[in-house]
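Trainee: predicted model, plus sequence, below.
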Amino acid sequence: MKFEKLPTVAYIILMPLLISLGFWQLGRAEQKRLFLAQQVTGLAAPGVVDVAALTGADMQALRFKKVVLTGHYDQNQQFLLDNQIHGGKVGYCVLTPFIIEGQKLAVLVNRGWLPLNQDRSVLPDVQFKQAPTQILGRINAFPAVGIKLAGAEIPTKTTPSVVQVVDNNVLAKKLGYPLQPFQVELDKDQPEGYLRDWHTATVMLPEQHTAYAVQWFALAATLTFLFFGYCYKNRHD
């Protein structure tokens, strides 16, 4: 069997790459399985989490747990999280501070999604008809962004304020009181909310990652077959 330099170098480079991509997809599949299981476990957990006592707690351990909040909304200082996609359309998530009763502490409540106006300068009216004093929801991390641009966390001076990225320390400074480092997604049955489709928390299912892994491994096997077939053929040339 004759090994030529260029095909051999290409094989040595490509083979580990294809294998590593396959195992990376398998790892992502396992992460998604754990993530989805965490949602089920958190929502099924008995009892109610005391949000006021969660300072310094592990975000991953709290994620998707149910909470009941008693207090009041700060209607005068609300935020629109920009560039949120739903059903292929761009819009905002409405984040409203909820001040916990008996505490100098608040949590941002995600009241749901609203579509973007054709005129970006026209912001949606997110005022309450009747503000509840007790709400039900679940704890979650703030939406992540792929690339954070400089100044994206600074809220605009509009009413409501628009932000590209949520930084609870920056928003707490604007509000004048501390915020918990997570959001509470308002339950679908609660009043004064918008479109709430919280179950779509992952874009790609574990099975899709597994399918991609199989494709990468299949490419690696095909590459191996072609390489050794080429070398075997050259032996007789």
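Mentor: Perfect, thanks for sending it.
Trainee: where along this protein do the helices fall?
Mentor: 5-44, 59-62, 168-175, 206-235 (DSSP state H).
Trainee: how about residue 230, what does it touch?
Mentor: residue 7 (Cβ atoms under 8 Å, 6 or more residues apart in numbering). No exception for glycine: its C-beta is placed from N, CA and C like everyone else's.
Trainee: need the pLDDT of it.
Mentor: pLDDT recorded at residue 230 is 80.
Trainee: where is the longest strand in the chain?
Mentor: Secondary structure of the chain per DSSP state E: the longest strand is strand 89-100.
Trainee: outline the domain layout of the chain.
Mentor: The chain breaks down into these domains under automatic domain parsing: 5-35+205-235, 48-186.
Trainee: nearest to residue 196, of those?
Mentor: Distance to residue 196, taken as Cβ to Cβ, is lowest for domain 48-186 among the domains of the chain, at 4.3 Å.
Trainee: mean confidence score for the closest one?
Mentor: On average, domain 48-186 scores 88.
Trainee: most tightly surrounded among the helices of the chain?
Mentor: helix 168-175 (a mean of 16; mean count of other Cβ atoms under 10 Å).
Trainee: next, the buried residues of stretch 117-128.
Mentor: Neighbour-count burial for stretch 117-128 flags 123, 126 (criterion: 16 or more other Cβ atoms under 10 Å).
Trainee: just the C-alpha atoms of that stretch, please, in PDB.
Mentor: Coordinates of the C-alpha atoms in stretch 117-128 are reproduced here as PDB (Å, rounded to 0.1, in the frame of the first residue of the first chain):
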ATOM      1  CA  ASN A 117     -43.800  48.200  15.700                       C
ATOM      2  CA  GLN A 118     -43.100  49.000  12.000                       C
ATOM      3  CA  ASP A 119     -41.800  52.400  13.300                       C
ATOM      4  CA  ARG A 120     -39.200  51.500  15.900                       C
ATOM      5  CA  SER A 121     -39.600  54.900  17.500                       C
ATOM      6  CA  VAL A 122     -43.100  53.900  18.600                       C
ATOM      7  CA  LEU A 123     -42.800  51.700  21.700                       C
ATOM      8  CA  PRO A 124     -45.600  49.500  22.900                       C
ATOM      9  CA  ASP A 125     -47.900  50.600  25.700                       C
ATOM     10  CA  VAL A 126     -47.100  48.200  28.600                       C
ATOM     11  CA  GLN A 127     -49.000  49.900  31.400                       C
ATOM     12  CA  PHE A 128     -51.300  47.900  33.600                       C
END
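Trainee: show residues contacting it.
Mentor: Taking contacts as Cβ under 8 Å, 6+ apart, the residues outside stretch 117-128 that touch it are 73, 75, 78, 80, 92, 94, 96, 111, 114, 158-160, 162, 192.
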